[in-house]
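In: predicted model, plus sequence, below.
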Amino acid sequence: MRKLKAIVFAILVILPSAAWADEGLWLIQDLNSALEKRMVERGLKMSAKAIYDMDSPGAGVADAVVSLGGRYSGAFVSDKGLFLTSGIPAAAFIGRLGDAGKDLLKDGFWAASEQHEIPVPGEKVYSLRRVFDVTEEFKGLESQLGDPAQASHRLEMAYAEATKLTCYAHIYWEGEKVYVCAYKVYDDVRLVAAPPAYAINPEGESGKWAWPVSRCDFSLFRVFENGQPAKIASSLLVSVDGYSKDSFAAVAGYPAATRRALSAAEYRFRNQVTRPMSALTGGKRLSILEKWIAEEPSLKAKYSSRAARLKEDLSVDAASQALENSLGLQDKKAAKDGQIQSKVDKDQAFRGRWYGLVDQLDKSFSQIVPGEKDKLWREETLVKGTFAGSYLLRAASAANVKEASEIIFSAIRDTDPKVEKELLAYAISEFFTNLDLRYFGPYQRWIQDRFGYDWEAAADYLWSRSLLSKPSVTSELESVDDVKDDSLYKFLTDSPLVIYNLSDGHDAKKDAADAAAKEYAKARYWAGIRTYDPDYPDGDSTLRLSFGSADGSLTTPDMLLERAQGKSSAAWRAAIEKDFWGRWGFKVDGKKHKMATCFKINTDFAGGMEGSPVLDSYGRLIGVVSGGTPEGVAAREAYFDGAGCVCVDIRFILWTIDRYARHKRVLKEFVID
């Protein structure tokens, strides 16, 4: 990853009048006149109600935005269920088709008719229909039931029954604000079109979060109902007018988990305990996988995606840490906490409850470091140490013996003994050398006594006696409980979590830290409300809006060919090298009929927003979010001034559909304003 530049951190607060900050992942239902005024000052040419109007479902721009399986965002572009999203889910699906998908990955997929659109088994699309503020209902139920999980479940069931929609409760600020989101769920999803895989991400993993990049990252899916294309009430208009430096841009999507509201104490704990251990153990697992993939290319099918996920997590976390350190984020979080404590201390209504809260946070989190570090060693070795082991843990909890057997056979099919035994040997070594004897169960002590420091021999012993190496025995399982007699399962579960929680009174210390963190969240919420500068809650895969502007930078198709490094097909290369963009071309540097592939905007970004529509000042579609800038991807712990999104130009997408694929029937579904 490119070296990340140091930039100034902007505190995530908003004012009720004209001082709303541009950055942020604002809940779509929180749009109000104050935010609208700030957006208009930045160039918005439409009302906030034209974006989202809770009183008129289906009438706003945001009603066209969807979530694909909770992993990607997208938007309807026609009233026949056609939606536009990232190309990554399409490429992944095509890759699972085996030999039948090889040519499709090379040339792209373009369904000749609706009958040729390929069903994607198990995929679902979520379309938000209504959002209900249920805060008071939730508090009443929580008081009655004594359990927030039961209270939220009751609300979900009640609103699902009332609306006939799929409902999810979202608890913010430890229950100080609660919403129920009601979704129309489509479970008949079909792939319509996708460009060649090398065009979706020609830079590969190493260039995933770089700038400049040049991509054709998009795909088209369609949702069906009762065997027919679904009728959609709200779809996006397309603009081919483009953008210019500082022109208004907004993104609506479903960002996944962020951790921007962490206190300084909890953030320090993560940096001192969680991150170093994850980097150490994850890095070692990655090196083992990469070694075996290099030595035996046949293992790529089983482990390349796992290695890619590990590498992605490690690289993002390393990038985040580097940028956070350069920004002095620890000190800035401490300053934010000081502001919250000062507001609390000046408010008679809050002082009695939260006086000295920040000091209590520091004290409680410092006390749990030893115990939590031990628990993390257990997690990283016994729970995450091997891939095959996770299958065994699931099999032992299966509903019946048939399901248990199927899970174990999946493990045998999806993993390799050589790789798993090396992972296991590393896990055993770290477990025995980093944890105290009091945590070891009797079977683990027996293994240690028998094999000493010969970790490979211990791993080989456990594996050779496991169901994972005995498919014939697995076929004859009589009970789910038989899985619990498995040698590897016994080793992995012989150190139960309860021992760690009871050791040195750790459970009481952890309860105190958790309680302080909950009170901090509540204090942060109310201090913001009371002084008119509320925060937005952390991302949780709910529909959010972020706005800002285009920064004027863009990339070209020539760069895409260069980055593809000869992987592109002759047809793709010829289409681009022809340098004829027809009706989709525009002026670049005063030259007519040129084309841009990607552009950059300074709106907020979080994972899950890939595929989100990029909107102009009239709410028209001008692009699709492909990913974040390095700063944008690193902004999981806090928003960074300068973070942003990398977007694919809608004109390049339309050119690909029109001039490269000759996919006229789908092109006709887009409504160009």
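Out: Arrived safely. Residues are numbered from 1 along each chain as shown.
In: quick check: end-to-end length of stretch 477-487?
Out: 15 Å (CA to CA, to the nearest Å).
In: in that stretch, which residues are buried?
Out: In terms of neighbour count (16 or more other CB atoms under 10 Å), stretch 477-487 has its buried residues at 477, 480, 482-483, 486-487. Quick note: C-beta positions are derived from backbone N, CA and C, even for glycine.
In: and stretch 95-111, by the same measure?
Out: Buried residues in stretch 95-111 (16+ other CB under 10 Å): 101, 104-105, 107-111.
In: how about residues contacting stretch 404-415?
Out: For stretch 404-415, contacts defined as CB atoms under 8 Å, 6 or more residues apart in numbering pick out 302, 387-388, 391-392, 394-396, 398, 467-468, 471, 474-475, 477, 480, 483.
In: same thing but at 10 Å, please
Out: Residues from elsewhere that reach stretch 404-415, judged by CB atoms under 10 Å, 6 or more residues apart in numbering: 299, 301-303, 306, 386-398, 400, 420, 423, 466-471, 473-477, 479-483, 486.
In: just the buried residues of the residues you listed.
Out: Looks like these have 299, 302-303, 306, 386-396, 398, 420, 423, 466-469, 474, 477, 480, 482-483, 486 buried, using 16+ other CB under 10 Å.
In: list the contacts for S305?
Out: S305 touches 92, 95, counting by CB under 10 Å, 6+ apart.
In: what confidence value was assigned to it?
Out: Reported pLDDT at S305 in the predicted model: 86.
In: isn't S247 up against S549?
Out: Yes. The pair S247 and S549 qualifies as a contact (CB atoms under 10 Å) at a distance of 6.1 Å.
In: who touches both of the two?
Out: 42-43, 601, 617.
In: pull out the buried members of those.
Out: Of the shared contacts of S247 and S549, these count as buried by 16+ other CB under 10 Å: 42, 601, 617.
In: specify the beta-bridge partners of the nearest residue to the second one once chain neighbours are set aside.
Out: Excluding the flanking residues, the one nearest I601 by CB to CB, 6 or more residues apart in numbering is A249, at 4.3 Å. Going by DSSP bridges, A249 is paired in beta bridges with G548.
In: identify the residues contacting A249.
Out: 42-43, 243, 546-551, 599-603, 614-617, 622-623, 644-645, 647.
In: please apply the same query to S549.
Out: 22, 42-43, 243-250, 601-603, 617, 644.
In: which one of those residues is nearest L376?
Out: Proximity of the contacts of S549 to L376 (CB to CB) peaks at G644, which lies at 33.1 Å.
In: which residues does that closest one contact?
Out: 23, 211, 249, 251, 546, 548-551, 600-605, 628-632, 635.
In: before we move on, the earlier item: ok, the residue nearest to I601 to S541 distance?
Out: 22 Å (CB to CB, to the nearest Å).
In: hmm, D246 is touching D551, no?
Out: Yes. Contact criterion CB under 10 Å: D246 and D551 qualify, at 7.9 Å.
In: need the residues touching each of the two.
Out: By CB under 10 Å, 6+ apart, the residues touching both D246 and D551 are N602.
In: these two: which is more packed in?
Out: D551 (19 against 14; other CB atoms under 10 Å).
In: please give the element, helix or strand, for D551.
Out: Take DSSP states H and E as the rule and D551 turns out to sit in strand 544-554.
In: buried sites along that strand?
Out: Those buried within strand 544-554 under the rule 16+ other CB under 10 Å are 544-551, 554.
In: most widely separated two among these?
Out: R544 and L554 (25.2 Å).
In: distance check, the residue nearest to K484 when sequence neighbours are not counted against L492.
Out: Residue nearest to K484 in three dimensions, not counting chain neighbours: A396, with 5.4 Å by CB to CB, 6+ apart. Separation of A396 from L492 (CB to CB): 10 Å.
In: what touches both of these two?
Out: D486.
In: report pLDDT for L15.
Out: 26.
In: typed the wrong thing, it's A570
Out: For A570, the predicted pLDDT is 85.
In: tell me how many other residues crowd it.
Out: A570: 7 neighbours (other CB under 10 Å).
In: pretty sure C647 contacts T603?
Out: Yes. Assessed by CB under 10 Å, C647 is found in contact with T603 at 9.3 Å.
In: looking at these two, which is more packed in?
Out: Shown here are C647 and T603; by other CB under 10 Å, T603 has more neighbours (31 against 28).
In: from the contacts of G644, which land in strands?
Out: Of the contacts of G644, the ones assigned to strands by DSSP state E are 249, 251, 546, 548-551, 600-601, 628.
In: turn these into TSV, columns for pLDDT and distance to W455.
Out: Formatted as TSV, the ones in strands among the contacts of G644 follow (pLDDT from 0 to 100; distance: CB to CB, whole Å):
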residue	pLDDT	distance to W455
A249	95	54
V251	96	48
S546	92	48
G548	91	52
S549	93	55
A550	93	54
D551	89	52
K600	93	48
I601	93	50
G628	86	39
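In: format the residues you listed as JSON lines; extra columns: distance to A334.
Out: Shown next, in JSON lines, are the ones in strands among the contacts of G644 (distance: CB to CB, whole Å):
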{"residue": "A249", "distance to A334": "33"}
{"residue": "V251", "distance to A334": "31"}
{"residue": "S546", "distance to A334": "26"}
{"residue": "G548", "distance to A334": "27"}
{"residue": "S549", "distance to A334": "31"}
{"residue": "A550", "distance to A334": "35"}
{"residue": "D551", "distance to A334": "31"}
{"residue": "K600", "distance to A334": "32"}
{"residue": "I601", "distance to A334": "31"}
{"residue": "G628", "distance to A334": "26"}
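In: closest to Y267 out of the residues you listed?
Out: G628 (20.5 Å).
In: in the sheet, who's paired with that closest one?
Out: Bridge pairing for G628 - DSSP bridges - gives C645.
In: does it touch V646 like I think?
Out: Yes. The pair G628 / V646 is scored as a contact, 6.8 Å apart, by CB under 10 Å.
In: V625 is in contact with F605, correct?
Out: Yes. Between F605 and V625 there is a contact at 7.3 Å, judged by CB under 10 Å.
In: with neighbour numbers in mind, choose between these two.
Out: Per other CB under 10 Å, whichever of F605 and V625 has more neighbours is F605, with 31 against 28.
In: re earlier: what's the most distant pair in the buried residues of stretch 477-487?
Out: Pairwise over these, using CB to CB, the maximum falls at V480 and S487, 16.8 Å.
In: just for this structure, where's the confidence low?
Out: For the chain, the stretches flagged by pLDDT under 70 are 1-23, 204-209, 565-566, 588-593, 639-642.
In: quick check: next helix or strand after the helix or strand hosting A90?
Out: Assigned by DSSP H and E, A90 falls within helix 88-95. Downstream of helix 88-95, the next assigned helix or strand under DSSP H and E is helix 99-107.
In: helix 88-95 and that next one, what's the angle between them?
Out: 140 degrees (axes from the mean of the first three to the mean of the last three CA atoms, to 10 degrees).
In: which residues sit in contact with R42?
Out: Counting by CB under 10 Å, 6+ apart, R42 has contacts 22, 246-250, 547-549, 617.
In: distance check, the residue lying closest to R190 once chain neighbours are set aside against R96.
Out: Spatial nearest neighbour of R190, chain neighbours left out: E117 (4.0 Å); criterion: CB to CB, 6+ apart. From E117 over to R96 the distance is 17 Å, taken as CB to CB.
In: just to revisit the earlier point, export the buried ones among the shared contacts of S247 and S549 as CSV, with columns for distance to K363.
Out: What follows is the buried ones among the shared contacts of S247 and S549, written out as CSV (distance: CB to CB, whole Å):
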residue, distance to K363
R42, 43
I601, 43
S617, 50
